[in-house]
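Novice: here is a sequence together with a model predicted from it:
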Amino acid sequence: MNKKMLKLLARGFFVFTMIFILLALAVPLLLAGLWSLVDPEYGWSYKELFPTHFSLVHWKNIFMYTGIKQAILNSYVIAFITASICLLIAFPTAYTISRQKKAAKEVSKVIMLIPLMMPGMVVAIFLSKALLMLGLSQSMVGIIAGHVFLALPYMLRLLTVSFEGVPKDLVDAAQNLGAGRAAVFKEVYIPSVMPGMTAGILFSFITSLEEFNLAFIIGTPGIQTITTVLYSYLGQNLEKPSSSVVSLILIVPNVILMLIVERYIKTEHLGAALGKM
């Protein structure tokens, strides 16, 4: 097989993969959007490609007759605090790990990923027992503690890789020019790790927003989040219109946030990091 055929084959796989990913994302969102706008008086039968009548009644019902407003507030407050705590813990830890010897560094990387290997429900059950003994069950503090446990590995991993990527020559050059530790950290390390830090905050924030197991086992019935409200519409008697509304409330802001941060990482912060090199 010549190079031209290999190039065409690789391009074909690329196009197929991109189309598959777009369909996998667009089709569920489109269906959720349509189901959320179905007029309950007419419904949507399998014989019809699209609903024949549309209405905002499901959206109105969700916001008027459920605790979705408080659940949205709870979710975003928990996610913000979770991301902040993860950053405060991970920043000095990642810096320390990046300066370790290779063997110790690899062991640290494996340890930091252990929480991601454990089933979420198992973590939630045993963590809830510990929080119950501490009197933190059905509390914001308890949920945040659980979310930090799950989101911290993402922040640690991204920041560790970012600190490892800081060129040693750049650090040495700054020190040779008379920069102290504080100046080196401010002028070299911070701009260089900013893209990883931003990505870590994003992953921690979204991980907290989308976490269900801990929010359900630790928080309910005292504290509701968007995911626990969504769960109430799932099950044997699936309410597609209502669950679609809550799904969109959960998913759409995350997609928008990810697109904004992705552009932000590629322009200002990535440019700031490379500009110092």
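Specialist: Happy to help now that I have it.

Novice: ends of stretch 58-73, what's the gap?
Specialist: The first and final residues of stretch 58-73 sit 20 Å from each other (C-alpha to C-alpha, to the nearest Å).

Novice: buried ones in it?
Specialist: 58, 59, 62, 66, 68, 71, 72 (16 or more other C-beta atoms under 10 Å). Where you see a C-beta, it was placed from the backbone N, CA and C, and this is true even at glycine.

Novice: other residues contacting stretch 138-150?
Specialist: Stretch 138-150 has contacts (C-beta atoms under 8 Å, 6 or more residues apart in numbering) with 74, 77-79, 81-82, 85-86, 89, 115-116, 120, 123-124, 127-128, 131, 136, 207-208, 211, 214-215, 218-223, 225.

Novice: which ones among the buried residues of stretch 58-73 map onto helices?
Specialist: Among the buried residues of stretch 58-73, the residues falling in helices (DSSP state H) are 58, 59, 62, 68, 71, 72.

Novice: in stretch 132-140, what's buried?
Specialist: Neighbour counts over stretch 132-140 (16+ other C-beta under 10 Å) mark 136, 137, 138, 139, 140 as buried.

Novice: check the offset of it from the chain's centre.
Specialist: 24 Å (C-alpha atoms, centre = their mean, to the nearest Å).

Novice: CA atoms of it as CSV?
Specialist: The C-alpha coordinates for stretch 132-140 follow below in CSV (Å, rounded to 0.1, in the frame of the first residue of the first chain):
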residue,chain,number,x,y,z
LEU,A,132,-22.5,9.9,59.1
MET,A,133,-20.2,9.1,62.0
LEU,A,134,-18.8,12.6,61.7
GLY,A,135,-22.3,14.1,61.6
LEU,A,136,-21.8,15.4,58.1
SER,A,137,-24.4,13.3,56.4
GLN,A,138,-27.1,15.3,54.5
SER,A,139,-24.9,18.4,54.5
MET,A,140,-23.2,20.6,51.9
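
Novice: now do it, average pLDDT.
Specialist: Stretch 132-140 carries an average pLDDT of 81.

Novice: go on, stretch 79-87?
Specialist: Here the average pLDDT along stretch 79-87 is 95.

Novice: show me what contacts the residue nearest the centre of the chain?
Specialist: Of all residues in the chain, the one closest to the mean position by C-alpha atoms, centre = their mean is residue 206, 2.6 Å from it. Each residue near residue 206 by C-beta under 8 Å, 6+ apart is listed here: 79, 254, 257, 258.

Novice: per-residue confidence for it?
Specialist: 89.

Novice: got the buried residues for the host helix or strand of it?
Specialist: Residue 206 belongs to helix 190-210 when assigned by DSSP states H and E. Residues of helix 190-210 classed as buried: 190-210 (neighbour count, 16+ other C-beta under 10 Å).

Novice: quick revisit: okay, the buried residues of stretch 132-140 in a markdown table with distance to residue 149 and secondary structure next?
Specialist: Converted to a markdown table, those look like this (distance: C-beta to C-beta, whole Å; DSSP: H, G, I helix; E, B strand; the rest coil):
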| residue | distance to residue 149 | secondary structure |
| --- | --- | --- |
| 136 | 13 | coil |
| 137 | 15 | coil |
| 138 | 17 | coil |
| 139 | 15 | coil |
| 140 | 15 | helix |
